[in-house]
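Asker: Sequence plus the predicted model coming up.
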Amino acid sequence: MLKKRFKKILPTYESVVENKFLRLFGDLLLHPGIWAWNRRSVAGGIATGLFCGLIPGPLQVITATAAAIFFRINLPVAIVGTFYTNPLTIVPLYLLGYEIGAFTLGATGGVAPPPPPDFVWGEFGQSMRDLIGWGLNLGAPLALGVLLLAVLLAIGGYIVVRLAWHIYLRHVAVKRKRSGLTSG
């Protein structure tokens, strides 16, 4: 299952306890709830990651970490959950957020949002400034729309994980029951 794969690549509770740098954070990173692999903790981690993934820039991982610690949900899953956004996906997601916000505010008026600026990798700093300026010019529809999109993604992710986990457990139970009936 996916749980076993994640456990192989992510740090363990023991490795965090033994890490000198991470020990500086004391009990915050040592609570068992943020390392738990149960359906509530993992679903919460996914929801947090999806929500925080729409926060601009490097604040995604920091915010996901803080939320995971505060809500005592799976920290590694929350962090990995933010990685669906990157320079290639953020513009379409923000455009979708703008459309949701404009629809919600009734501000569409048939006017399309201005096109996003060209992203030039050789001028990364300037391209990021242009992208931020473009986002700020979209105003209230963008802010509300991105917030609503983040909430919808978080709720959807939470439900999908809980449902998938439930289906998996039912499948395992049925499999066990069948193997118990045939071997008896």
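Answerer: Sure thing, it's come through. Numbering: from 1, shown residues only.
Asker: Just the mean pLDDT for stretch 141-148, thanks.
Answerer: Across stretch 141-148, pLDDT averages out at 91.
Asker: Quick one: residues in contact with it.
Answerer: The contact list for stretch 141-148 (C-beta atoms under 8 Å, 6 or more residues apart in numbering) reads 54, 93-94, 96-105, 107, 135. From N, CA and C alone the C-beta is placed, and that goes for glycine too.
Asker: Check the offset of that stretch from the chain's centre.
Answerer: Here stretch 141-148 is found 17 Å from its chain centre; the criterion is C-alpha atoms, centre = their mean, to the nearest Å.
Asker: How many residues are close by Leu149?
Answerer: By other C-beta atoms under 10 Å, the residues close to Leu149 number 21.
Asker: residues touching the residue lying closest to it once chain neighbours are set aside, list them.
Answerer: Closest residue to Leu149 apart from its sequence neighbours, by C-beta to C-beta, 6 or more residues apart in numbering: Gly97 at 4.5 Å. Gly97 makes contact with 54, 142, 145-149 under the criterion C-beta under 8 Å, 6+ apart.
Asker: Can you say which of those are buried?
Answerer: 54, 142, 145-147, 149 (16 or more other C-beta atoms under 10 Å).
Asker: pLDDT check: weakest of the contacts of stretch 141-148?
Answerer: Lowest confidence among the contacts of stretch 141-148: Ala107, with 68.
Asker: Mind pulling up the pLDDT for the most centrally placed residue in the chain?
Answerer: Centroid-nearest residue in the chain, with C-alpha atoms, centre = their mean: Gly49, separated by 1.9 Å. Confidence at Gly49, expressed as pLDDT, is 97.
Asker: Also Asp130?
Answerer: 84.
Asker: Check His171 too.
Answerer: Reading off the model, His171 has pLDDT 93.
Asker: quick one: contacts for it?
Answerer: His171 touches nothing, counting by C-beta under 8 Å, 6+ apart.
Asker: and it, how far is that from Lys177?
Answerer: Using C-beta to C-beta, to the nearest Å, His171 is found at 11 Å from Lys177.
Asker: same for the helix or strand Ala68 falls within, what does it pack against?
Answerer: Using DSSP states H and E, Ala68 maps to helix 59-71. If you count contacts as 3 or more C-beta pairs under 8 Å, 6 or more residues apart in numbering; DSSP states H and E, helix 59-71 packs onto helix 39-52, helix 75-81.
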